[in-house]
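Q: need a structure here:
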Amino acid sequence: MLENEWAKEIIKQLRRCNSLVLNTHGEQYQQPGWPDVYIAHTFFCGWIEFKGSTTKLEPHQKKMIKGLNDKGVSAYVARYPNLIQNYEGGLLHKFNGSGLHLLETLQRIEEVRYDNRT
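A: Numbering: from 1, shown residues only. Got it, this is the predicted structure:
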């Protein structure tokens, strides 16, 4: 499956889970470096950059995701097939490919992140 097809399927599933999804990927108003989508859901609110199995983050994407995280804004990389990474490429968790499981997994990652800050 291509990265684009995979991302579209995940976004469709997120919307079925009552997520509000702002998809900026490929839009004329997307500024360089900003992640592909913003997700607003009871379980998770934040940015996700979708990447294929071998696609690398550009330096300006790494800088943006790190900057968002430094300001307390959640931003992660969802990599095909079904991995969640930080901006450095570190594996944070796997998910089963469904939008709901992605949300639940991101919620758990956020809980750990919050616990580490306090």
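Q: Please save the CA atoms from the longest strand seen in the chain in PDB.
A: The single longest strand within the chain, with elements called by DSSP state E, is strand 45-51. C-alpha atoms of strand 45-51 as PDB (Å, rounded to 0.1, in the frame of the first residue of the first chain):
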ATOM      1  CA  CYS A  45      -5.500  16.400  20.300                       C
ATOM      2  CA  GLY A  46      -2.400  17.100  18.300                       C
ATOM      3  CA  TRP A  47      -0.500  16.900  15.000                       C
ATOM      4  CA  ILE A  48       0.500  13.800  13.000                       C
ATOM      5  CA  GLU A  49       3.000  13.600  10.100                       C
ATOM      6  CA  PHE A  50       2.300  10.500   7.900                       C
ATOM      7  CA  LYS A  51       5.400   8.900   6.400                       C
END
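Q: and that strand, which residues are buried?
A: G46, W47, I48, E49, F50, K51 (16 or more other CB atoms under 10 Å). All C-beta atoms are positioned from the backbone trio N, CA, C, and that covers glycine.
Q: helices or strands up against that strand?
A: helix 3-16, strand 37-40, helix 59-70, strand 75-79 (3 or more CB pairs under 8 Å, 6 or more residues apart in numbering; DSSP states H and E).
Q: before we move on, the earlier item: quick one: which of the buried residues of strand 45-51 is nearest to L2?
A: Checking the buried residues of strand 45-51 against L2 by CB to CB gives F50 as the nearest, at 11.0 Å.
Q: so how far is K63 from the closest residue to that closest one other than its chain neighbours?
A: In space, and not counting its chain neighbours, F50 is closest to A7: 3.9 Å by CB to CB, 6 or more residues apart in numbering. Taking CB to CB, to the nearest Å as the measure, A7 falls 22 Å from K63.
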